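Novice: give me a 3D structure for the following:
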Amino acid sequence: MIRINEIRLSLDEEESLLKQKAAKQLKINPKYIQSLTIFKKSVDARKKSDVHFRYSVDVTLALDEQQIVSKCKSAKVALVQPYRYALPAVNRHSAFRPIVVGFGPAGMLAGLILAEAGLQPIVLERGKRIDERKKDVNAFWKTAALDEESNVQFGEGGAGTFSDGKLTTGIKSPFIRKVLEELYEAGAPEEILYAAKPHIGTDRLAIVVKNIRQKIERLGGEVRTECRLDRLIAANGFVHGVTYTHKGERYDIETDSVILAIGHSARDTVDMLYKMGVEMIQKPFSVGARIEHPQDLINRAQYGDFAGHPRLGAADYKLACHGLHERGAYTFCMCPGGTVVAAASEKEGVIVNGMSSLARDGENANAALLVGIEPKDFPSSHPLAGIDYQRQIEHTAFVLAGSNYKAPAQLVGDFLQGKASTQLGNVQPTYPLGVTLTSLDECLPEKVSHTMKSAIVEMDKRLNGFRLYDAVLTAPETRSSSAVRMVRDEFLQCSLRGVYPCGEGAGYAGGIVSAACDGIKCAHAVLTDEH
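Specialist: Predicted coordinates:
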């Protein structure tokens, strides 16, 4: 197979022209191209006067491909091998079924790999199945009646289910393609296989999650929802089973392998594991707010006169200011045409997040504007002090906004001037439970608000309009990553043997794809461990 990079199409050229352009690069007649698939597609908007698409394509030929590449003598052309995922050799001989705790991206892929290997895993998820979970989340957004076991953080699919379904990642992993292929097979749009910035959309994620669960079940695994892990059964430094609660009844399962894919918000589970002796250390995390602009403003800033072209869709952005302090400030999980969501999972705490549908057709754009928090900023040296710090910020915001799950909000212009907001401008906030206009200095740590103000000014130089006076900041965003890391060794096990801390909750991932890849890694570790 031959990969051809940097093929250009204008916004008005059809993709059917790719075959002709690929043949031209290879200096052959198009009739010799047997198949062509898009490997990567991106928007090149570096010059606002010349916005266009760039493609990498894979072709197979009815010719000697090695000879064609040699004759071509182009740095844009290379021979490649098709991707094939292969299970590792299974060394495990245990009669016990492995347990996976949590059914977010890490737990889903860990469970799937174990099921594909014939190990019939049992997955325990504390929240509800996706359809019931959606009802509970929508009820909270309408009535402020929070279900602490079924919400944006807990339930089938994990926290990523109520997000943009963004699949971009900064990690290098051989498992990324496997993750994307499984998501596509489960109902994600085909473009995730080649888009430079792939996303699924909140509306499509529910279908994907359900289909992955059903695939695990077809392969002999089980996914048990509304099952909260209460404790690990351990003796002599080894795990021997788990205890969980389902609808008020407690159950034990005997096992020698537990993958802990609990997510970044299962604070009670983290506390239980710490008390059992699972080694944990403090981990940096980030705090900030969601910033909302008119999507039209972002489109114009990114695409110039091409804004609004039907083939471009809603523009996104990714900004960072390093050097403002140790970890700087940056935008995260940008949701074009999206909404800000209420993401609380504990009583008397306010948290915001962002999501958008596959169409990304909402009026506003939003992104987290975050500032790094270091362990030295935590209230103590206790391994769980970062969680306490997050909880303190969330509760302060809850009280500041009226103790009713409304979120504190402020206009960007007022925020920069250091004065409380008293009325909205042209940007209407999308947080579903309503906002209370105030000063975010009252709920964000001083270092965070100070750095955010400097960052907004700097980011406006790179994205015209970012400091729009009427843009709305809604706070706080505290759950972009875990505040602890569960220490694991070269076999991916923690201090309790047979236990594999995994994904975001264990401090080893930061997004859907990286968490899913870590789930595969931990499943491989179970398969290759000679029990």
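Novice: measure Val258 to Pro98 for me?
Specialist: Val258 sits 7 Å away from Pro98, going by C-beta to C-beta, to the nearest Å. C-beta: built from backbone N, CA, C; applies to glycine.
Novice: could you do Glu116 as well?
Specialist: 13 Å.
Novice: neighbour count: the two, which is higher?
Specialist: Between Glu116 and Pro98, Pro98 has the larger neighbour count (other C-beta atoms under 10 Å), namely 30 against 18.
Novice: quick check: that one touching Ile259?
Specialist: Yes. Using C-beta atoms under 8 Å, Pro98 is in contact with Ile259, at 6.9 Å.
Novice: now for those two: what residues contact both?
Specialist: Taking C-beta atoms under 8 Å, 6 or more residues apart in numbering as the contact rule, Pro98 and Ile259 both touch Val526.
Novice: report the contact partners of Ala78.
Specialist: So Ala78 contacts 2-3, 69 (C-beta under 8 Å, 6+ apart).
Novice: closest to Pro432 among these?
Specialist: Closest to Pro432 out of the contacts of Ala78 is Arg3 (44.6 Å), distances taken as C-beta to C-beta.
Novice: go through the contacts of Ala78 and flag which are in strands.
Specialist: Among those, the residues falling in strands (DSSP state E) are 2-3.
Novice: of the contacts of Ala78, which is the most crowded?
Specialist: Counting by other C-beta under 10 Å, top hit in those: Ile2 with 22 neighbours.
Novice: pretty sure that one sits against Lys76.
Specialist: No. Ile2 lies out of contact with Lys76 (C-beta under 8 Å); the separation is 10.6 Å.
Novice: and the residue nearest to Ala367 when sequence neighbours are not counted, how many neighbours does it have?
Specialist: Ranked by C-beta to C-beta, 6 or more residues apart in numbering and with sequence neighbours excluded, the top spatial neighbour of Ala367 is Met334, at 3.8 Å. When counting by other C-beta under 10 Å, one arrives at 24 neighbours for Met334.
Novice: SS state for Asn366?
Specialist: Assigned with DSSP: H, G, I helix; E, B strand; the rest coil, Asn366 falls in the strand class.
Novice: show me what it is bridged to.
Specialist: On the basis of DSSP bridges, Asn366 is bridged to Glu292, Cys335.
Novice: residues in contact with the closest residue to Ala385 other than its chain neighbours?
Specialist: Leaving aside its sequence neighbours, Ala385 sits nearest to Phe378 (C-beta to C-beta, 6+ apart; 4.1 Å). Counting by C-beta under 8 Å, 6+ apart, Phe378 makes contact with 282, 385-386, 388-389.
Novice: now with 10 Å, please.
Specialist: 282, 284-285, 384-390, 483 (C-beta atoms under 10 Å, 6 or more residues apart in numbering).
Novice: burial check on Leu167, number of neighbours?
Specialist: 23.
Novice: with Leu205 as the reference, measure out to it.
Specialist: Taking C-beta to C-beta, one finds Leu167 at 11 Å from Leu205.
Novice: shared neighbours of these two, anything?
Specialist: Residues touching both Leu167 and Leu205 (C-beta under 10 Å, 6+ apart): 160, 183, 188, 199, 512.
Novice: dump those residues into CSV; add distance to Glu394 and neighbour count as well.
Specialist: Shown next, in CSV, are those (distance: C-beta to C-beta, whole Å; neighbours: other C-beta atoms under 10 Å):
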residue, distance to Glu394, neighbour count
Gly160, 20, 27
Leu183, 31, 29
Ala188, 32, 25
His199, 27, 26
Ile512, 23, 30
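Novice: among those residues, which one sits closest to Ala289?
Specialist: Nearest to Ala289 among the shared contacts of Leu167 and Leu205, with distances taken as C-beta to C-beta, is Gly160, at 20.3 Å.
Novice: read off the pLDDT value for that closest one.
Specialist: Note on Gly160: pLDDT of 81.
Novice: what does Glu181 give?
Specialist: 96.
Novice: residue contacts, it?
Specialist: Glu181 makes contacts with 83, 85, 188, 192-193, as judged by C-beta under 10 Å, 6+ apart.
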